[in-house]
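what would the 3D arrangement of this be:
(one chain, ligands or ions: 2)
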Amino acid sequence: MIRKKVLVTGGAGFVGSHLCERLLYEGNEVVCLDNYFTGQKQNIVHLINNPFFELIRHDVTMPFFIEVDEIYNLACPASPVHYQYNAIKTMKTSVMGAINMLGLAKRIRAKILQASTSEVYGDPQVHPQVETYWGHVNPIGERACYDEGKRAAETLFINYYKQNKVRIKIIRIFNTYGPRMHPNDGRVVSNFIMQALRGNNITIYGNGSQTRSFQYVDDLVEGMLRMMASGEEFTGPVNIGNPNEFTILQLAEMIIRLTDSRSTIVHMPLPPDDPSQRQPNIELAEKELGWMPKIPLEEGLIKTIDYFASIS
Ligand code: NAD
Ligand code: UDP
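Ligands and ions are numbered 1, 2, ... in the order given. Prediction:
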């Protein structure tokens, strides 16, 4: 068997750790690169004794040289709390990280996949979101460092493809949850589960009528592998998300029920530019990748609740 050598940037983060695990399981050699800004060694500690796993502390804003067959570029904080903490650094990570990884892919002729996001659609006026929709993003708002950074990264990817024939893949990931999200990550699923388990108030921002479509992490990882393996002419962008849409209030009520919690719901101010709705159209992923998510929200939440209960 020929082992592929695969680089995963942001590999010690929530999604990256699941991806590294799956790539090793599939018989690949994995190099995990991370600066540990939002990721942690704890997420990949169970992989460290695997001789085909290598861990490198590095920041993607700096050039990096290695010989690999494939690159998954995930390095970037994903929670609004963390990406707004140092907005300039977030934008540098997306843009300079993309330039450095694309330059590397070009030099070593590796295939490279970009973890883009539904945030490129901003506060969408087309619903559900299709890949041909250009989005509705405030370029100077609180979320711009992330949204515009990811949009610029997509531009870089597509132009390295057109100008330099780099084999690129772009996926637009919709809200994903699961074990190994950081308990203080600030995203809604981890916040609500931790609050429910501790009997604290459940903090709904705004009236809770805004919607999100939540995808379990295993479904995302399957989509990532299928996209990387897809034909060279299919660059994406392609939406990878679960189209089952819920209001944030429905999510809170489901988590309270599943944890049998006595927590009560409180309302807090809605952050600026918070998207009012989000739901992927996944017809392109179904057609090109034969992919669709399998794990319903309730089933995925039960696994995630078990994880948070085990670490708290
Ligand atoms: P995460 O914060 O858990 O993981 C990001 C990882 O990148 C962390 O390990 C962090 O330490 C690392 N990192 C950050 N800046 C870096 C830098 N400059 N150099 C090297 N490493 C750096 O977030 P996640 O949910 O695992 O997201 C992974 C990727 O998927 C991100 O690119 C994110 O934008 C994208 N994405 C995630 C979601 C989601 O719902 N989880 C949705 C859309 C897109
Ligand atoms: N949210 C909330 N309470 C929280 C955290 C988030 O009501 O404790 C809301 C947030 O305002 C947004 C939704 O949940 O409308 C999803 O937020 P998250 O930060 O998880 O992701 P994103 O906004 O990037 O989709």
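
whatever residue of the stretch 201-312 of the chain ends up closest to ligand 2: how many residues sit nearby?
Nearest residue of the stretch 201-312 of the chain to ligand 2, counting by C-beta to the nearest ligand atom: residue 205, 3.6 Å away. C-beta coordinates here come from the backbone N, C-alpha and C atoms, glycine included. Here the number of neighbours of residue 205 (other C-beta atoms under 10 Å) works out to 15.

okay but it is in contact with residue 270, surely?
Yes - in this structure, residue 205 is within contact of residue 270 by C-beta atoms under 8 Å, at 4.9 Å.

show me what the residue of the stretch 201-312 of the chain closest to ligand 2 is bridged to.
Listed by DSSP bridges, the beta-bridge partners for residue 205 are residue 268.

use 389 as the first number from now on
Sure, I'll start numbering at 389, so the last one becomes residue 593.

can you confirm whether stretch 424-437 lies near ligand 2?
No - for stretch 424-437, no contact with ligand 2 is found by C-beta under 6 Å from any ligand atom; the gap never falls below 13.0 Å.

for that stretch, what is the average pLDDT?
Mean pLDDT, stretch 424-437: 96.

before we move on, what about stretch 668-681?
Here the average pLDDT along stretch 668-681 is 98.

what about that stretch, start to end distance?
Start to finish, the residues bounding stretch 668-681 are 11 Å apart (C-alpha to C-alpha, to the nearest Å).

ok, stretch 428-435 next?
End-to-end distance of stretch 428-435: 13 Å, with C-alpha to C-alpha as the criterion.

contacts only, for the closest residue to residue 516 other than its chain neighbours.
The shortest distance from residue 516 to any non-neighbouring residue, by C-beta to C-beta, 6 or more residues apart in numbering, is to residue 667 (4.0 Å). Contacts for residue 667 were tallied using C-beta atoms under 8 Å, 6 or more residues apart in numbering; they are 515-517, 562, 599, 601, 629, 631, 633.

again, but for residue 396
When contacts are counted by C-beta under 8 Å, 6+ apart, residue 396 touches 404, 407-408, 411, 418-421, 459-460, 462.

quick one: which of those residues is nearest ligand 2?
The closest of those, once distances to ligand 2 are taken by C-beta to the nearest ligand atom, is residue 462, at 15.8 Å.

quick one: which of the contacts of residue 396 sit in strands?
Using DSSP state E, the subset of the contacts of residue 396 located in strands is 418-421, 459-460.

from the residues you listed, keep the buried residues only.
Those of the ones in strands among the contacts of residue 396 that meet the buried threshold are 418-421, 459-460, by 16 or more other C-beta atoms under 10 Å.

ligand 1: which of the ones in strands among the contacts of residue 396 is nearest?
Ligand 1 lies nearest to residue 421 out of those, by C-beta to the nearest ligand atom, at 6.3 Å.

how many neighbours does the residue nearest to residue 674 when sequence neighbours are not counted have?
Nearest residue to residue 674, sequence neighbours excluded (C-beta to C-beta, 6+ apart): residue 680, at 5.5 Å. Counted with other C-beta under 10 Å, the neighbours of residue 680 add up to 15.

look at residue 680 and give its secondary structure.
Here residue 680 is coil, with the state taken from DSSP: H, G, I helix; E, B strand; the rest coil.
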